[in-house]
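# For reference, the sequence and a predicted model appear below.
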Amino acid sequence: MLHIVNKSHTQTTSLQSCLRLAKAGQALLLTEDAVYAATTAAAATSGIAAAMATLKVYALQPDVDARGMAGKLVEGVTPVDYAGFVDLVTEHSNNQSWL
């Protein structure tokens, strides 16, 4: 399963709900304002740091760049471009967008 979150952890509880229900071995893609949760400043409080023990976490690089967060992702978060986003969707038989 690929979980896709696009809202900041400070705006909604979508990320927290996702992390609570995601199972080990699944993947999480952070897009739009959700990429803030994967920064070194927010990874611990957003839950991303703990989630990386069981989930593979990705961040959409164009969204990271657009928000001035390049070079600020916590170690272990994999940046992907749009082609990588498509690859993730096709690699996972199920996709869940958290709104």
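That came in fine, so what should we check first?
# CA only for contacts and neighbour counts going forward, please
OK.
# Report the central residue of this structure.
Closest to where the C-alpha atoms of the chain average out (Cα atoms, centre = their mean) is Leu30, at 2.8 Å.
# What sits closest to that one if chain neighbours are left out?
Distances taken as Cα to Cα, 6 or more residues apart in numbering place Ala59 nearest to Leu30, at 4.7 Å, with adjacent residues excluded.
# Name the SS class of the one you found, please.
Assigned by DSSP: H, G, I helix; E, B strand; the rest coil, the conformation of Ala59 is strand.
# Can you show me the helices along this structure?
In the chain, the segments counted as helices under DSSP state H are 14-21, 43-46, 48-51, 61-66, 82-91.
# Can you lay out those helices as CSV showing mean pLDDT?
Below are these laid out as CSV (pLDDT from 0 to 100):
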stretch, mean pLDDT
helix 14-21, 97
helix 43-46, 96
helix 48-51, 97
helix 61-66, 98
helix 82-91, 98
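# can you tell me which of the ones you listed comes nearest to Gly76?
Closest of those to Gly76 is helix 48-51, at 8.9 Å (criterion: Cα to Cα).
# Give me the contacts around that closest one.
Leu19, Ala37, Ala38, Ala43, Ala44, Val74 (Cα atoms under 8 Å, 6 or more residues apart in numbering).
# go again using 6 Å as the cut-off
With contact meaning Cα atoms under 6 Å, 6 or more residues apart in numbering, helix 48-51 is reached by Ala43.
# ok, the residue nearest to Leu30 - how many residues close by?
26 (other Cα atoms under 10 Å).
# can you pull the contacts of it?
Leu29, Leu30, Val35, Pro79.
# can I get these in TSV with distance to Ala66 and pLDDT?
Shown next, in TSV, are these (distance: Cα to Cα, whole Å; pLDDT from 0 to 100):
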residue	distance to Ala66	pLDDT
Leu29	16	98
Leu30	14	98
Val35	10	98
Pro79	13	98
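# Stretch 44-58: how far from the chain's middle?
Remark: stretch 44-58 is offset 8 Å from the chain centroid, using Cα atoms, centre = their mean, to the nearest Å.
# ditto for stretch 73-91
9 Å.
# which residues touch Thr45?
Remark: with contacts taken as Cα under 6 Å, 6+ apart, Thr45 is in contact with nothing.
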